[in-house]
Structures are given as C-alpha cells and as structure tokens.
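>>> For reference, the sequence and a predicted model appear below.
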Amino acid sequence: MISIQELNISFQKNVVINDLSLTLQEGGIHGLVGLNGAGKTTLLKGIYGLLTFDKGHISWNDQPLTKKSIGYLSTENYFYSHITGKDYLKLFSKDMSRIEELNQLFGIPLNQLIDDYSTGMMKKVALMGVFLKDRPIYILDEPFNGVDLESSRVIHLIIEQLKNKGKTILITSHILESLTSLCDQIHYLENGKIKTSKVKEQFDELEKEVFGEIHLRNEEHIKKLF
Ligand SMILES: Nc1ncnc2c1ncn2[C@@H]1O[C@H](COP(=O)(O)OP(=O)(O)OP(=O)(O)O)[C@@H](O)[C@H]1O
C-alpha cells in the first residue's frame with residue numbers, strides 16, 4: 001500500500017498540492033484525473049521523488065518509497081539527443097531479444113534516431129523503456145497521449161497484465177474513457193486535494209458529479225458566447 005499523508009508541494013508561493021492525503025491499495029490500477037493545471041504531474045513527480053515537498057509523508061508498506069521501486073513515465077520525454085531507439089532501450093535492458101519481442105507490439109524503427117521520431121513514436125519508446133524494467137510500482141503520466149488507437153490498446157493490455165502480476169499502477173489521462181475501462185479506482189484532484197475517489201461501480205457518479213457540473217456550466221457559457 002502506498003500511503004500519502006498531508007502532502008504539500010509548492011512553487012514559490014503557489015501551493016499546488018495542499019495537505020493531500022491518498023492511499024493506493026497494492027495490486028490495483030489507480031487513475032488520477034483533474035483539469036489542466038490541477039497538479040497531477042506535480043503529484044506524480046512528488047511521489048517519484050523528483051520534487052521536494054514542504055511537508056507530508058509518503059510511504060510504501062510502512063517503508064520510505066524510493067525511485068528503485070518505481071517505473072516512471074514522465075510527460076516530458078527526456079531522451080539523449082542523437083541516439084537510436086535501440087541504444088536508448090539498451091539502457092533499460094541488455095536483453096536484445098526481449099527488446100525486439102516488446103517492439104513487435106509497437107513496430108518502432110529502432111535503428112532510427114529518436115530525434116527523427118514522431119511524437120507518438122517517442123512516447124512509445126519512452127513507455128517501452130519503462131516496461132522493460134521489472135518494478136513493483138508503475139507511475140505513468142499520460143501514457144496514451146499522442147498514441148494511436150492500436151498502440152493504446154496494447155498499452156491498455158500491458159497495464160492489465162502488470163496488474164495481474166500484482167503490480168501497483170498510478171496513471172493519469174485526459175481521456176476519461178481510457179481510465180474508466182482500465183482502473184479499479186479513480187481519484188479526482190482539485191485545489192491541491194483529492195476531492196473524491198470512486199471505485200469501478202461508481203465511475204458513472206464521477207462523470208456526473210465532477211464533470212457533469214463542468215459540462216453544464218460550459219454549455220451555458222458557450223450558448224451565451226456563440
Ligand atoms: N516547475 C514549475 N515551476 C513553477 N510552477 C510549476 C512548475 N511545475 C508546475 N507548476 C505549476 O503547478 C500547477 C500544476 O501543474 P501540473 O503540471 O502539475 O498540472 P497538471 O494537472 O499535470 O496539468 P495538465 O493537465 O495540464 O498536464 C500549475 O499552476 C503549474 O503552473
């Protein structure tokens with residue numbers, strides 16, 4: 001179980017994560033949603049240990065949570081420039097046949113320079129790097145962003161399989177449907193706190209409760225504007 005207690009993360013005076021508490025059960029797929037700028041990436045970076053926090057505590061089964069327990073997909077792909085996909089993936093695994101087997105699912109031209117890849121291809125190579133490492137926890141920031149339908153389905157199935165192996169997964173997406181079909185629980189982040197958490201049977205309520213209100217407000221506003 002990952003336990004986050006009263007976490008505060010701020011950038012200068014901008015408090016982005018504000019006394020946030022959240023428990024992530026072991027062996028589950030957890031979604032994190034929220035509007036642009038809500039603090040999803042900040043929270044994931046905080047859990048992975050890329051940001052210092054003003055206060056609070058994060059633990060994993062009552063032990064400190066460290067980077068080596070986590071496979072982390074960042075929203076920004078920090079590749080070395082002028083490196084081929086193959087050379088990049090070799091940083092994650094020396095097992096070339098596993099790399100090639102994994103790539104059968106994604107079809108990336110691995111001998112090409114990453115600099116020459118499309119946005120979706122870069123995302124897929126970054127994800128392949130994450131999946132090549134066996135970790136108990138995976139934190140995936142926008143894994144479906146820019147990825148075609150076929151590969152989204154592959155990523156979906158890999159995540160489900162990781163769950164079957166007992167891994168704990170935390171994932172963000174702007175596409176709610178990709179989370180409702182995948183997650184056991186979805187957490188909604190607003191004003192630096194988890195406003196609500198819903199289990200699978202309650203996902204309809206999440207749509208109505210959180211997004212219904214926003215849709216309604218926007219619809220009225222659009223009708224006034226146009
Ligand atoms: N390095 C930084 N320095 C200053 N402010 C930052 C930094 N990173 C994030 N912020 C601010 O923190 C807030 C939350 O940003 P964050 O990227 O965590 O949001 P998000 O929920 O992931 O948004 P999106 O859905 O657009 O990806 C924003 O107001 C942003 O401007």
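Looks like it arrived, so ask away.
>>> the longest helix in the chain is where?
In the chain, taking DSSP state H as the definition, the longest helix is helix 149-164.
>>> Does that one pack against any helices or strands, and if so which?
strand 29-33, helix 96-106, helix 119-132, strand 137-141, strand 168-172 (3 or more CB pairs under 8 Å, 6 or more residues apart in numbering; DSSP states H and E). The C-beta positions use only the backbone N, C-alpha and C, and glycine is treated the same way.
>>> Relative to the whole chain's centre, how far out is that helix?
What separates the centre of helix 149-164 from the centre of its chain is 13 Å, taken as CA atoms, centre = their mean, to the nearest Å.
>>> Around residue 38, count how many other residues there are.
Around residue 38 there are 21 other residues, counting by other CB atoms under 10 Å.
>>> likewise the one 5 residues further on?
Residue neighbour count, defined by other CB under 10 Å, stands at 28 for residue 43.
>>> Look up how far the ligand lies from it.
7 Å (CB to the nearest ligand atom, to the nearest Å).
>>> so who does that residue touch?
7, 9, 17, 20, 32, 189 (CB atoms under 8 Å, 6 or more residues apart in numbering).
>>> let's go with 10 Å and repeat that
Listed by CB atoms under 10 Å, 6 or more residues apart in numbering, the contact set of residue 43 reads 4, 7, 9, 16-17, 20, 22, 32, 34, 51, 139, 141, 170, 172, 187, 189, 192, 194.
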